[in-house]
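Novice: Give me a 3D structure for the following:
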Amino acid sequence: MTDTPGKGQETPEFITCPSCTIQIPADVAVCPYCLRSVFRDRATAPPRDIRQRLVPPEQFPALRRFWGEYGKWLKIAAPVVLAALVLWVAYGLWAGLKVKVSSDNVFLIEASQEKSGKNLLLKGKLTNRGEDVPDLSLRSIGVIAEFLYEGGRTERRRFFPKSLYRGEGALMTGETGTFEIEVPKGVTAVSLRGEIVDLGEDRQFTPVGRGILRGPEENRR
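Specialist: Just a heads-up that it's a prediction; the model follows:
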């Protein structure tokens, strides 16, 4: 005769292990046969408190002690550090070098800043959308850079873009040349514009056959 369980006894529940398909007790988390975790149905599992995940585990007592001693100071210092970081980024954007490129329908200039050690470089390119300026001519295409220093002093320099197959300042229509400008220290703003430079300006040419002109004192010798 089969013994019937009493009222105070409960029949243990068994489930099938998803890995080895052996019947195991339902209240275990690891299969005693294959030693693999038993995945339960999420719908029947009790919800976990999110606060338990935020609290450091017991196996890190040093972290709990550090948080207990300095946690309140970290809560105060974190917003201050974040505000200082935002101000530093804003100051860098506001006080950095300002580059202004003049709008021109003939010469299209594009420039970008690049750090090279302690020096600041402006690397750019100029596209000629006007008439041809070939090599071995008395004209050249130049980039006029006007530097504005902190004290208000201005300085103007001239740079010549260079293409792959031509000399400096020689660009045909539609061609693009590159240039590189080393920004002096103390400069806060740079203005760039393109223009055609006359290489024959302020130069005197001696006509053929007249020789070298001499002064009166040299002729007496």
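Novice: Three-state assignment for the residue minimising distance to the centre of the chain, please.
Specialist: For the chain, the residue nearest the mean C-alpha position is Glu114 (10.3 Å; CA atoms, centre = their mean). In three-state terms, and counting by DSSP: H, G, I helix; E, B strand; the rest coil, Glu114 is strand.
Novice: so it touches Lys123, yeah?
Specialist: Yes - counting by CB atoms under 8 Å, Glu114 sits close enough to Lys123 to count as a contact (5.5 Å). To be clear about C-beta, it is placed using only N, CA and C from the backbone, and glycine gets the same treatment.
Novice: how near is the residue nearest to the centre of the chain to Phe107?
Specialist: 22 Å (CB to CB, to the nearest Å).
Novice: Would you mind confirming that Ile109 is in contact with Glu195?
Specialist: No - Ile109 is beyond contact range of Glu195, at 11.0 Å (criterion: CB under 8 Å).
Novice: neighbour-wise, which of those two wins?
Specialist: Between Ile109 and Glu195, counting by other CB atoms under 10 Å, Ile109 is the more crowded of the two (18 against 15).
Novice: Flag the shaky bits of the protein, pLDDT-wise.
Specialist: 1-12, 39-60, 87-96, 201-221 (pLDDT under 70).
Novice: which residues in it form helices?
Specialist: Under the criterion DSSP state H, the chain contains helices at 50-54, 61-95, 216-220.
Novice: for the chain, what spans make up the strands?
Specialist: For the chain, the strands defined by DSSP state E occupy 14-16, 23-25, 98-101, 107-116, 119-128, 139-149, 154-159, 176-183, 187-198.
Novice: Out of those, which gets nearest to Gly68?
Specialist: Checking the strands of the chain against Gly68 by CB to CB gives strand 23-25 as the closest, at 40.2 Å.
Novice: Can you name every helix or strand that that closest one contacts?
Specialist: strand 14-16 (3 or more CB pairs under 8 Å, 6 or more residues apart in numbering; DSSP states H and E).
Novice: Show me the contact partners of the strand it packs on.
Specialist: Residues from elsewhere that reach strand 14-16 (CB atoms under 8 Å, 6 or more residues apart in numbering): 22-26, 38.
Novice: Buried subset of the residues you listed as a ChimeraX selection?
Specialist: Buried residues within those, by 16 or more other CB atoms under 10 Å, are selected in ChimeraX with:
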select :24,38
